[in-house]
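Peer 1: here you go, sequence then predicted model.
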Amino acid sequence: MELNGDSKLLRIFIGELDKIGHQCLYEAILMAAKKRELAGCTVIRGIMSYGASSRVHAARLIEISQDLPIIVEIVDKEEKINAFVDVAGGLLEKAGCGGLITIEKAGVLYYKPGPKKSRPKSNNP
């Protein structure tokens, strides 16, 4: 796939504990993007956030249960990103969670796959 020049960056802000059934919402979004052959998707885990609920989510050693912020970023051509917005929104609705979806301009300067890496050989017989 070729990707260069004017593109779009789709950002989806959700919580780490958001799920669809037993699957993490961020994983469902990534797999939906891959299925639709979007150019790339990255899931980023944050350390602190707040959103529409004004509840602060933070990574702290004394907390056992954390609902840290997750940002899913997807870059592709405008038409593919626009088509995926409805898919992403549907997944958030299905999860029954809050969130934020944004689109920004992205100027792609470099996009190509790296060389295929071979697996290291095991010394175990």
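Peer 2: Arrived safely, thanks for sending. Numbering: from 1, shown residues only.

Peer 1: for whichever strand or helix holds Phe13, name the packing helices and strands.
Peer 2: Here Phe13, judged by DSSP states H and E, is contained in strand 5-15. Taking 3 or more C-beta pairs under 8 Å, 6 or more residues apart in numbering; DSSP states H and E as contact, the helices and strands that strand 5-15 lies on are helix 25-35, strand 69-76, helix 78-95, strand 100-108. C-betas here are computed from N, CA, C, even on glycine.

Peer 1: which residues touch the second one?
Peer 2: Strand 69-76 is touched from outside by 3, 7-16, 18, 25-26, 29-30, 33, 38-49, 57, 81, 84, 88, 106, 108, with contacts defined as C-beta atoms under 8 Å, 6 or more residues apart in numbering.

Peer 1: try 7 Å
Peer 2: With C-beta atoms under 7 Å, 6 or more residues apart in numbering as the test, strand 69-76 has contacts from 3, 7-16, 26, 29-30, 33, 38-46, 49, 57, 81, 84, 106, 108.

Peer 1: residue nearest the centroid of the protein?
Peer 2: The residue lying closest to the centre of the chain (C-alpha atoms, centre = their mean) is Val72, at 2.0 Å.

Peer 1: ok, it to Ala28 distance?
Peer 2: According to C-beta to C-beta, to the nearest Å, Val72 stands 10 Å off from Ala28.

Peer 1: picking that back up, partner residues bridging the residue nearest to the centre of the chain?
Peer 2: Beta-bridge pairing of Val72, defined through DSSP bridges, involves Ile12, Val43.
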